[in-house]
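Engineer: missing the sequence, but the structure's below:
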């Protein structure tokens, strides 16, 4: 049988019921904040001024977009560097062999060295046709197709251009013309766009210029030297060992000069890679600082929240105990 309650008891009971309601609301809020890690009322947290938090969120979103672009640009540049290194290795190895064979001036050695160097033409062209993410790397803005034709196409065009040459000077003039701007290399071998890729934005007013193409003049010396060896291997100036030895030496010297051009390309690309790294570092620092500021504005302190949650639970237990004593209620009836 329930104990009779007086007016004073009823007042205290009403007060405890209100406290109980407040504590339950506080418990729900703290539980939600513990699970989400964020304050339940952002408006209250920022004092009704959402401008700072909006600015932070916009900057973080912008930085995330820059990071995506920067990561892709870094991978793109790495693929380019690997291609340049491959071409450089083929060129330097061939240069040494050609120069050594030219000094011997023996028909068999000349033919063998020329054929060995000529075999590097297709791998070099394949390196220039490198793709990243389904996009051609050295084809300028025309990323959907290969940058250059195959070795057979190149040698067919060059052979046709030099077919009438009967001496070293005439043949070399025809080769120079074919590889010059507007010559056969550009019109029949290069398949990409004359317009290089546009710079990639990787930060606020920071962009990475990856506009390297197979048309870059620094590449032509290597291609010319290897292609010249190909002409010798195919019988250019046949029967004139001295002339063929001279051509072989010129091919080796052109390849040696080509090393300088490739080094320049690699250095230019390395500068771009360094810029990407610096932009990443600066962006990461800014992002970290912004996240800390955002956390101070909208995130809860897990230790403080857990402590407050424990206090509220204890208060609820106390209110329940007092209410139960006043009404002789069981926990089941109370709930």
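Structural biologist: Great, that's in hand. Everything quoted here is computed from the prediction, not taken from an experiment. Numbering: from 1, shown residues only.

Engineer: Return the residues in contact with the spatially most central residue of the chain.
Structural biologist: Nearest to the mean C-alpha position of the chain, by CA atoms, centre = their mean, lies residue 72 at 2.3 Å. By CB atoms under 8 Å, 6 or more residues apart in numbering, residue 72 lies in contact with 133, 200. For the C-beta atoms, the positions are set from N, CA and C on the backbone; glycine is no exception.

Engineer: can you tell me the helix or strand for it?
Structural biologist: helix 51-104 (DSSP states H and E).

Engineer: where along the protein do the helices fall?
Structural biologist: 7-36, 42-45, 51-104, 107-118, 121-128, 151-161, 168-179, 184, 217-233, 241-298, 302-327, 331-334 (DSSP state H).

Engineer: Show the average pLDDT along the third one.
Structural biologist: Averaging pLDDT along helix 51-104 gives 94.

Engineer: try the shortest one
Structural biologist: Regarding helix 184, the rounded mean pLDDT is 97.

Engineer: again with the fifth one
Structural biologist: Confidence for helix 121-128, expressed as mean pLDDT, is 98.

Engineer: Then stretch 235-242?
Structural biologist: In the prediction, stretch 235-242 has an average pLDDT of 94.

Engineer: Now that stretch: buried residues?
Structural biologist: Buried residues in stretch 235-242, defined by neighbour count with 16 or more other CB atoms under 10 Å: 236, 237.

Engineer: From one end of that stretch to the other, what's the distance?
Structural biologist: This stretch, stretch 235-242, spans 13 Å end to end (CA to CA, to the nearest Å).

Engineer: Quickly compare the helices of the chain and say which is most buried.
Structural biologist: Most buried of the helices of the chain, by mean neighbour count (mean count of other CB atoms under 10 Å): helix 217-233, with a mean of 24.

Engineer: what's the angle from that one to helix 121-128?
Structural biologist: Angle of helix 217-233 versus helix 121-128, following axes from the mean of the first three to the mean of the last three CA atoms, to 10 degrees, is 160 degrees.

Engineer: For residue 198, give me its contacts.
Structural biologist: By CB under 8 Å, 6+ apart, the contact set of residue 198 is 141, 211.

Engineer: do you know how far it is from residue 141?
Structural biologist: As defined by CB to CB, to the nearest Å, residue 198 lies at a distance of 8 Å from residue 141.

Engineer: Next: residue 186.
Structural biologist: Note on residue 186: its distance to residue 141, by CB to CB, is 16 Å.

Engineer: Could you measure from the residue nearest to the centre of the chain over to residue 234?
Structural biologist: Counting by CB to CB, the gap from residue 72 to residue 234 is 42 Å.

Engineer: Tell me, please, where in the stretch 151-300 of the chain the pLDDT is lower than the cut-off.
Structural biologist: By pLDDT under 70, the weakly predicted segments of the stretch 151-300 of the chain are 298-300.

Engineer: Find the residue closest to residue 82 in space, skipping its chain neighbours.
Structural biologist: Closest residue in space to residue 82, ignoring its immediate chain neighbours: residue 130 at 7.6 Å, by CB to CB, 6 or more residues apart in numbering.

Engineer: neighbours of the one you found, just the number please.
Structural biologist: The local packing of residue 130 (other CB atoms under 10 Å) involves 19 other residues.
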